[in-house]
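Peer 1: A predicted structure for the sequence below; I have some questions about it.
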Amino acid sequence: SQKIEQNSEALNIQEGKTATLTCNYTNYSPAYLQWYRQDPGRGPVFLLLIRENEKEKRKERLKVTFDTTLKQSLFHITASQPADSATYLCASPPLGAGSYQLTFGKGTKLSVIP
Amino acid sequence: DAGVIQSPRHEVTEMGQEVTLRCKPISGHDYLFWYRQTMMRGLELLIYFNNNVPIDDSGMPEDRFSAKMPNASFSTLKIQPSEPRDSAVYFCASTGRNTEAFFGQGTRLTVV
């Protein structure tokens, strides 16, 4: 069955370093992937979208890559700050679904240590 | 726009009681989604609507769950009767022309 997975439940890094989060998908080929940020007690907030024909997308200190061979997306935060601490979710439309429907990974909780 | 508005923010109810969660999507958005989030299962899609019409309710766990969207600015998710295993955070989200989903603050439901 198709799956979207974020293998790391938690990631701790030192302030100023680059955080790299991984999202893997199996048994389907999504047309795009999205990344969201979720703070405690709040709903997810959209950050970036990358389409299957795009290798890389950037927004300020954020960078997302999409490797259809490895079936993987990487999410990078450069020069990380304690304010970047949150849970990050990847999402994609499941196979056969309308492009507006999303399936989410369980998320990776990032902690940036001062 | 105030964003997606959900009410109540917190709900504590006794097992067997009816629970109704409410959502007001962003004006002009055609799609409305109901999600449930737990530590074990993450964020799961329960049902979604397009132009007020339910499109896919395959994620609704059982007949105790029902959802309606009587107009473009209001939707409800009802659980009757509620059970302790329904305890979770329920999110409503809406989407417009692009695929970016805007989430509400969620309703934390506790069934005791």
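Peer 2: Nice, thanks for sending it over. Numbers count the residues shown, from 1 in each chain, chains lettered A, B, ... in the order given.

Peer 1: tell me, how many neighbours does the residue in chain A that chain B sits nearest to end up with?
Peer 2: Residue of chain A nearest chain B, by Cβ to the nearest Cβ: A:Gly43 (3.0 Å). Using the backbone N, CA and C atoms, a C-beta is placed for each residue, glycine as well. Neighbourhood size, A:Gly43 [other Cβ atoms under 10 Å in any protein chain shown]: 23.

Peer 1: That one and B:Gly106 touch, don't they?
Peer 2: Yes: using Cβ atoms under 8 Å, A:Gly43 is in contact with B:Gly106, at 5.4 Å.

Peer 1: Which residues are in contact with each of the two?
Peer 2: Common neighbours of A:Gly43 and B:Gly106, counting by Cβ atoms under 8 Å, 6 or more residues apart in numbering or on different chains, are B:Phe91.

Peer 1: Can you name the residues of chain A sitting close to chain B?
Peer 2: Applying Cβ under 8 Å from any Cβ of the partner chain, one finds that chain A approaches chain B through A:32, A:34, A:36, A:41-46, A:49, A:89, A:91, A:93, A:97-107.

Peer 1: so of those, which ones are in strands?
Peer 2: A:32, A:34, A:36, A:45-46, A:49, A:89, A:91, A:103-104 (DSSP state E).

Peer 1: can you pick the most crowded of those?
Peer 2: The most crowded member of these, judged by other Cβ under 10 Å, is A:Leu89 (27 neighbours).

Peer 1: Let me know how buried residue 48 is, in neighbour terms.
Peer 2: No chain was given, so I picked chain A. 19.

Peer 1: um, chain B though
Peer 2: B:Tyr48 is flanked by 25 other residues according to other Cβ under 10 Å.

Peer 1: List the contacts of it.
Peer 2: With contact taken as Cβ under 8 Å, 6+ apart, B:Tyr48 is in contact with A:100-101, B:31-34, B:54-56.

Peer 1: Now chain B against chain A: closest residue?
Peer 2: For chain B, Cβ to the nearest Cβ, closest residue to chain A: B:Phe103, 3.0 Å.

Peer 1: in the sheet, who's paired with that residue?
Peer 2: Beta-bridge partners of B:Phe103, counted by DSSP bridges, are B:Ala93.
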